[in-house]
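Participant: Build me a model:
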Amino acid sequence: MVAENRRARHDYEILDTLEAGLELRGTEVKSLRARQASLAGSYAEVENREAWLVDCHIAPYAAGNIHNHEPRRPRRLLLHRREIDRLAGRIQQRGFTVIPLKLYFKRGVAKVELAVARGKTHGDRRETLRRREADRDAVRAMREARRR
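Facilitator: Numbers count the residues shown, from 1 in each chain. I've put the predicted structure just below:
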């Protein structure tokens, strides 16, 4: 695991996930192996039938030279055509967005886990917290009942 978007599950309701490859430059890969990445505020968009990861920050490689990469450049997502078309259809629906959840290496290849999500309202977030607290209380009560 290189980076994780921990706020995503708090701010969004995750509806569907998929895995995509990333088109990277050499210094970006070296920087990712050093865990120098952040997914905060990043999202995916479809433009000209290509999927792009926008605003993902990969820090410049420390030992890089003049050919070092730009930290927040858009990066192409490697997906099959039908996956790109499905994402484009979901993005066009009102209220949906595609956000990255995790950035990791799988068999030496950089991958990103994308999620089709809908933004939560303030009330939705409070309801999630209430539900989580109720579940925690129920588990605690069952644990105490077993002890007796």
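Participant: For the protein, which segments are assigned as strands?
Facilitator: If you assign secondary structure with DSSP state E, the strands in the chain sit at 3-4, 12-22, 37-38, 43-47, 50-54, 57-58, 75-78, 96-106, 109-119.
Participant: State the mean pLDDT of stretch 18-34.
Facilitator: Averaging the model's pLDDT scores along stretch 18-34 yields 93.
Participant: how far does it sit from the chain's center?
Facilitator: In terms of C-alpha atoms, centre = their mean, to the nearest Å, the centre of stretch 18-34 is set 14 Å apart from its chain centre.
Participant: Pull the residues that contact it.
Facilitator: Stretch 18-34 is touched from outside by 2, 37, 51, 53, 58-64, 67-69, 75-79, 83, 103, 105-106, 109-114, with contacts defined as C-beta atoms under 8 Å, 6 or more residues apart in numbering. For every residue, glycine as well, the C-beta is placed using N, CA and C.
Participant: try it again with 6 Å
Facilitator: Residues outside stretch 18-34 that contact it (C-beta atoms under 6 Å, 6 or more residues apart in numbering): 2, 58-59, 61, 64, 68-69, 75-79, 110-114.
Participant: Select only the buried ones of these in PyMOL?
Facilitator: If you want just the buried ones from the contacts of stretch 18-34 in PyMOL, going by 16 or more other C-beta atoms under 10 Å, the selection is:
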select buried, resi 2+58+59+61+68+69+75+77+78+79+110+111+112+113+114
